[in-house]
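1. with the sequence up front, the predicted model follows.
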Amino acid sequence: MTQSGGQHMPVAGRLFIGLMSGTSMDGADGVLVRLAPGQAPEVLATAALPMPGPLRDELLALNRSGADELHRAMLAGQALARLYDETVRALLAQSGTEAGAVSAIGAHGQTVRHRPDLAYTVQLNAPALLAELTGINVVADFRSRDVAAGGQGAPLVPPFHAAMFQAAHERAVLNLGGIANLTLLSPGAAPRGLDTGPANVLLDLWCQRHTGQPYDDAGQWAASGRVLQHLLDHLLASEPWLALPAPKSTGRDLFNAAWLDERMRSYGGPAPAPADVQATLQRFTAQTVADALHQAAPGAVDVLVCGGGARNPGLMRELAACLQRPVKPTDAEGVPAQWVEALAFAWLAQAFLDRTPAGVPQVTGARGPRVLGALYPA
């Protein structure tokens, strides 16, 4: 990946914007990127806008059934589209780019239900409104086509990871958002991938509940506690989803406050100190990743990490200890960890416009490759 700057000759290619607000719901990340065949993406601008507190609270509430939820969901989707519009305007202003020069925006929306076992998935968004506000084509609803073909609809990013991080050896790419997912890359083979379980979702939840902070900054609170092995064993043994074979995906539908509260109630040990629970949850994330990798790709030589968890040195140390192989942020390969998912949705928007199938059956279990997304013209 290259970052523009200084004097250079123009590069052939099209401009795309990728937008992502992940399971952690801490904000909207955006990139403006030039994509050209056979060349590394050229990032022209990046922007990260915080999620307004009331919107975050409403999106979290909409992960559960509630009163008048259809009406509330529509309003939340509109509010999210307006946050996306602000992000797009920041990208255009930063780069001096006119909206008409951008081929499309890839906007994933906010997942509030993910039930591929029941053949549906819901990402709140208002892509028609976003197209109206920005004057740019919007590609959205990336999961539904794969789910309709019998797939999990997630993870979506393995084909982009393959385009960016393929090596001459077996490698894994780990995304640590609210949920953790792995992409498994082997030379000459199609990428594989799966969700492994919670990344930051339980860590953030426990931290907010006991410290009032939105997340455990740099894992400092977890570092003040100790891992409770009996609690860790209980968390690992009590969730059947963890033992399911790939393809599989998950989300807040499973790993949420009710899930954690039930495990804490059924834990047979003495009442643990909150910091010890945080340390144990951090190890739980690392151990579930390690277990999934050891089962699915024991020959992986190294692990590249992206997403918000890559900025948590405590979690990165736990991963290195559990994985027993080199673990490093994707920055080491020239792609800043914070922007990988937003870049992926710019790439997926390009794939849609080109009618290139981006659904990978080896990842999702769909009946075949599918073109992903739906277009909302400007």
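-> Noted; the coordinates are in hand. Numbering: from 1, shown residues only.

2. strands along the protein, start to end?
-> For the chain, the strands defined by DSSP state E cover 2-3, 14-20, 27-35, 42-50, 102-107, 110-115, 120-124, 138-140, 171-176, 179-185, 192-198, 302-306, 327-329, 374-376.

3. contact partners for the residue nearest to His210 when sequence neighbours are not counted?
-> Nearest residue to His210, sequence neighbours excluded (CB to CB, 6 or more residues apart in numbering): Pro274, at 4.2 Å. Where you see a C-beta, it was placed from the backbone N, CA and C, and this is true even at glycine. The contact partners of Pro274, taken as CB atoms under 8 Å, 6 or more residues apart in numbering, are Trp206, His210, Gly225.

4. just the buried ones out of those residues, please.
-> Burial by neighbour count, 16 or more other CB atoms under 10 Å: within the contacts of Pro274 this picks out Trp206, Gly225.

5. same list, the contacts of Pro274, but as a markdown table with distance to Leu60 and pLDDT please.
-> Shown next, in a markdown table, are the contacts of Pro274 (distance: CB to CB, whole Å; pLDDT from 0 to 100):
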| residue | distance to Leu60 | pLDDT |
| --- | --- | --- |
| Trp206 | 15 | 98 |
| His210 | 17 | 97 |
| Gly225 | 25 | 98 |
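
6. helices - which of the contacts of Pro274 land there?
-> Trp206, His210 (DSSP state H).

7. let me know the closest of the contacts of Pro274 to Tyr267.
-> Distance to Tyr267 across those (CB to CB) is lowest for Trp206, with 13.7 Å.

8. any idea how far the closest one lies from Thr280?
-> According to CB to CB, to the nearest Å, Trp206 and Thr280 sit 10 Å apart.

9. over to Thr97?
-> Counting by CB to CB, the gap from Thr97 to Thr280 is 47 Å.

10. ok, those two, which is more surrounded?
-> Thr280 (24 against 16; other CB atoms under 10 Å).

11. go ahead and confirm the more buried one touches His234.
-> No: with contact defined as CB atoms under 8 Å, Thr280 does not count as touching His234 (9.5 Å).

12. which one of the contacts of Pro274 sits closest to Val340?
-> Trp206 (25.7 Å).

13. tell me the contacts of that closest one?
-> Leu260, Pro274, Val277, Gln278, Leu281.

14. circling back: between the strands of the chain, which gets nearest to Leu353?
-> strand 102-107 (5.9 Å).

15. the helices in this structure, which residues?
-> 53-61, 69-95, 127-134, 144-148, 158-165, 201-211, 220-223, 229-237, 257-266, 274-296, 313-323, 340-353, 361-364.

16. any idea which of those helices gets closest to Pro245?
-> Comparing those by CB to CB, helix 274-296 comes nearest, at 8.2 Å.

17. buried ones in that closest one?
-> For helix 274-296, by 16+ other CB under 10 Å, it's 274-293, 296.

18. run the angle between that helix and helix 201-211 for me.
-> With axes from the mean of the first three to the mean of the last three CA atoms, to 10 degrees applied, the angle from helix 274-296 to helix 201-211 works out at 180 degrees.

19. so how far is helix 274-296 off the chain centroid?
-> Once both centres are worked out by CA atoms, centre = their mean, to the nearest Å, helix 274-296 turns out to sit 18 Å from its chain's centre.

20. pLDDT of it, averaged?
-> For helix 274-296, mean pLDDT is 98.

21. re earlier: any chance of JSON lines for the contacts of Pro274, columns distance to Asp354?
-> Formatted as JSON lines, these follow (distance: CB to CB, whole Å):
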{"residue": "Trp206", "distance to Asp354": "43"}
{"residue": "His210", "distance to Asp354": "48"}
{"residue": "Gly225", "distance to Asp354": "49"}
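
22. circling back: could you export the contacts of Trp206 as JSON lines, including distance to Ser238?
-> Below are the contacts of Trp206 laid out as JSON lines (distance: CB to CB, whole Å):
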{"residue": "Leu260", "distance to Ser238": "11"}
{"residue": "Pro274", "distance to Ser238": "20"}
{"residue": "Val277", "distance to Ser238": "15"}
{"residue": "Gln278", "distance to Ser238": "19"}
{"residue": "Leu281", "distance to Ser238": "14"}
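
23. can you list the weak-confidence ranges in the stretch 1-150 of the chain?
-> 1-11 (pLDDT under 70).

24. how is this protein divided into domains?
-> Per the record, the chain has its domains at 14-140, 159-333, by the TED database.

25. to Asp146, which of those domains lies closest?
-> domain 14-140 (8.7 Å).

26. run the chain-centre distance for the closest one.
-> Worked out by CA atoms, centre = their mean, domain 14-140 lies 13 Å from the chain centre.

27. okay, now the unreliable bits of the stretch 201-350 of the chain?
-> In the stretch 201-350 of the chain (pLDDT under 70), no residue qualifies.

28. tell me the one of the contacts of Trp206 nearest Gly18?
-> For the contacts of Trp206, the nearest to Gly18 is Leu281 (30.0 Å; CB to CB).

29. I'd say the closest one and Asp204 touch.
-> No: between Leu281 and Asp204 there is no contact under CB under 8 Å: 9.8 Å.

30. residues near the closest residue in space to Leu185 that isn't next to it in sequence, how many?
-> Once flanking residues are discounted, Leu185 sits nearest to Arg171: 4.8 Å by CB to CB, 6+ apart. Neighbour count of Arg171, defined by other CB under 10 Å: 24.

31. bridged to Arg171, which residues?
-> Leu185, Asp302 (DSSP bridges).

32. now it: how far from Pro245?
-> 21 Å.

33. Ser65 too?
-> Applying CB to CB to Ser65 and Pro245 gives a distance of 30 Å.

34. what of Gly30?
-> If you go by CB to CB, the gap between Gly30 and Pro245 works out to 35 Å.
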